[in-house]
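1. 3D, please:
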Amino acid sequence: MSYPKIWSLAALLFTCCLAQATNYYVSTTGSNTHPGTQNEPFQSIQYALDNATELETLFIEGGTYNERVVVTTSGSLGQPITITSYNGVATIDGTGIELYGPHDGLFEVRFASHVVLDNIAVQNSAYIGFLIFGNNVSDVTIRNCSTYDTGASGIYANGQAPVGGYGMRDILIEDNTIELAINLSPGGYEECISLTEGVRNFIVRRNEVFNGGTGTLMGGPIGIDAKNGVRDGEIYQNLVYDINNSSAGIYVDAYERSARNIRVYQNEIFNCEDIGVSIGAEQGGTVDSVFVYNNVVYNNGADGIKLTGFSTDGSPNDIRKVWIYNNTVYGNGFQNTLGGSNPGGAIWIEGDTDTIVVKNNIFAANNFNNGVYVYSSNRDKVIVGNNLIDQPVGRAWSDPPMEELNGQSAVLSAPLFMDVTNLDFRLSAASPAINAGDNTLAPAVDFNGMPRPVGEAVDVGALEFDANVSTNDVDAATDLMVFPNPTTTDQITLRMNSPHSGTATLTFTTVTGQCLRMDNNVRLEQLDKTIDLTGLPNGYYLLRLRGEGLAVYKTIIKQ
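-> As a prediction, the model looks like this:
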């Protein structure tokens, strides 16, 4: 009676060995005659994908691979196929590789589900960097990846669904860096990160999208775009900036299909040549139930936020049920180089719109208009209230008829930010935006994820006032030197220039909150620290030093 038990155990051990064998390896020093183990890796990524059996994880050793990669095999629910780097970052270089059209990618997941791409770099693609494509595709993740110099999109997800259908679902795009996308001129197609044609249940979060390319098609490049039949998605905690020849940093667009139930929040959008956040209905499509909140939108060339319900083919369309609340919109509309009749400002609402709510926002230091600029015929369909409007100008526009609204319970005052020169848009203790909001729509947290409301009412703007940081503390900040800042090197130095005692906690993060370094029990009397920026992309970072009686926030700029 014992023999079958021994045999079953042996069979189990054999099965476990088979399960371990489903990890395969690729190296630039490998060979396609090898079995694909760590000691004897394959040389080609595509060869590994075509020949690996029962693949669970494909490990690609750091190095440069000059090949096109197409994943056509699906994983399973709970056990996706994972493709990732080890011993450094694996870079897929498209130099000399021909792609046959603007919707071809250098690294594709084509008609495959349950796939994870992690820590992979793509560069020099003739068209798309990473492509997710196909009807009936689900559960695909692209994370910790980067694209550089792509002729079309850096990341592009196309559900290939008919009008009214949804062909792709459960798509996660997170923690990626997209630089110099849409760089084919003329003809840089689509957007830096783009989801289209029936993508449902998606998340685009914590991505850095910057330095848009020179593509010359009208309306591009755009930083992040959810369009043409997308629904049930979230776009949040992204950093979008320096997008050239751009119609928007972040865009939600119906086009010829509906776009509904989209949330855009906790994003930072700045230095885009045209609009910060745009909601559009083109070609007969309808936008329905879009929430835009807790975003910091500043120094964009034209409008901070714009809603446009127009169709170029004359078909009826509209934008309805859009809630815009608790955003900070500052300094937009001064560098509009794209032409057109709209000079740019805080928020512009035109075309067929219905049931638009604009509350609890800060509109300050914007060009042309600081209030809510809206079609006169749609005035009764736009609810405006509890916004802080710095220096409203009350302009009207004759063709088409538009007017600037302040709305109910407006706070007509300067916002009194902590330090706008250094892009610190937190509220100072004297700010009239504190407790001035409408609690009805207020999100549970602010731009930084801090609880709101703190007081009896929600604060106006994207950041809730932190009562633990006093004005004197913010001045206890002048004693901290950070140099060089901005920096073109890979190091910055922190040093106190006057005596302090006690300890503090030092955190160094991306602007979206990803912690890069944390030091507890930093002794202030001996503070003379160097922070290494090696490997970090150019951009903005946040440094926080907090202890008893001390709260310092600094914006670090790496150029």
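2. helices of the stretch 351-500 of the chain, start to end?
-> Here the stretch 351-500 of the chain has its helices, by DSSP state H, counting those that start in this stretch, at 471-476.
3. per-residue pLDDT, S498?
-> If you check S498, the pLDDT there is 69.
4. likewise for the one 4 residues further on?
-> Per-residue confidence for G502 comes out at a pLDDT of 80.
5. cool, the one 3 residues further on as well?
-> Residue-level confidence at T505 comes out at 81, pLDDT.
6. next: the one 5 residues further on.
-> At T510 the predicted local confidence, pLDDT, stands at 77.
7. pretty sure it is touching P537, no?
-> No - counting by C-beta atoms under 8 Å, T510 stays clear of P537, with 9.7 Å between them. (C-beta placed from N, C-alpha, C; glycine too.)
8. the two: who's more crowded?
-> In terms of neighbours (other C-beta atoms under 10 Å), T510 is the more surrounded of T510 and P537; the figures are 20 against 14.
9. I'd like to know how far D390 sits from D424.
-> Separation of D390 from D424 (C-beta to C-beta, to the nearest Å): 17 Å.
10. and for R546?
-> Distance, R546 to D424, by C-beta to C-beta: 15 Å.
11. what does S278 give?
-> Separation of S278 from D424 (C-beta to C-beta) stands at 26 Å.
12. the more surrounded of these two?
-> Between S278 and D424, counted using other C-beta under 10 Å, S278 has the larger neighbour count: 25 against 17.
13. and the gap between the residue lying closest to the more buried one once chain neighbours are set aside and V209?
-> Of all residues not flanking S278 in the chain, A248 sits nearest, at 3.7 Å (C-beta to C-beta, 6 or more residues apart in numbering). Relative to V209, A248 is positioned 11 Å away (C-beta to C-beta).
14. shared neighbours of those two, anything?
-> Shared contacts of A248 and V209, defined by C-beta atoms under 8 Å, 6 or more residues apart in numbering, comprise G223.
15. A helix includes P221, no?
-> No - read with DSSP: H, G, I helix; E, B strand; the rest coil, P221 is coil and lies in no helix.
16. chain neighbours aside, what residue packs nearest to it?
-> Using C-beta to C-beta, 6+ apart and skipping the chain neighbours, the partner closest in space to P221 is I182 (3.3 Å).
17. and for L239?
-> Nearest non-adjacent residue to L239, counting by C-beta to C-beta, 6+ apart: E208, 4.7 Å away.
18. and that neighbour, how close does it get to S125?
-> E208 is 18 Å from S125, by C-beta to C-beta.
19. just name the shakiest helix or strand of the chain by mean pLDDT.
-> Lowest by mean pLDDT, DSSP states H and E among the helices and strands of the chain is helix 3-20, with a mean of 36.
20. show me the shaky parts of the stretch 51-200 of the chain.
-> Residue ranges of the stretch 51-200 of the chain with pLDDT under 70: 163-165, 186-187.
21. quick revisit: tell me which helix or strand the residue nearest to P221 sits in.
-> Assessed by DSSP states H and E, I182 sits outside every helix and strand.
22. ok, back up a step: who touches both of T510 and P537?
-> Joint contacts of T510 and P537 (C-beta under 8 Å, 6+ apart) are E208.
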